[in-house]
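Colleague: with the sequence up front, the predicted model follows.
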Amino acid sequence: MPKVFEWKGFKFFFFSNEGFLREPRHIHVRKGEKLAKFWTDPRVSLAASWGLSSRELSELERIIEERQDLIRRKWDEYFND
């Protein structure tokens, strides 16, 4: 489970095995029991969430948008090597 970065206790990561036919580029976010998945292409959008408030989801979406280049680069390095 490659970690991309942390922010305010939230861990942003990929699952190592996204399946034989991988899903499009996305990032998972976890803090304790709270979990979310965001698509990053063609734009950042929420795929699913559990236990997060709308305020937290908005903040996470903003952070992902700000660090979208890092997320894309790390995804490509990990899954395309």
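Modeller: Structure received.

Colleague: all strands for the protein, in order.
Modeller: Taking DSSP state E as the test, the strands found in the chain are 3-7, 10-13, 26-31, 34-39, 45-50.

Colleague: buried residues, the first one. List them.
Modeller: Read that as strand 3-7. Judged by neighbour count using 16 or more other C-beta atoms under 10 Å, the buried positions of strand 3-7 are Val4. Glycine gets a C-beta too; all of them are placed from N, C-alpha and C.

Colleague: give me the residues contacting stretch 73-81.
Modeller: The set of residues that contact stretch 73-81 without belonging to it, under C-beta atoms under 8 Å, 6 or more residues apart in numbering, is 2, 4, 14, 18, 22, 25, 27, 40.

Colleague: the third one touches Phe5, doesn't it?
Modeller: No - judged on C-beta atoms under 8 Å, Phe14 makes no contact with Phe5 at a distance of 11.6 Å.

Colleague: so Phe15 sits right up against Met1, yeah?
Modeller: Yes - using C-beta under 8 Å as the test, Phe15 is close enough to Met1 to be in contact (5.9 Å).

Colleague: and Arg25, how far from Tyr78?
Modeller: 11 Å (C-beta to C-beta, to the nearest Å).

Colleague: if you count surrounding residues, which of the two has more?
Modeller: Between Arg25 and Tyr78, counted using other C-beta atoms under 10 Å, Arg25 has the larger neighbour count: 17 against 12.
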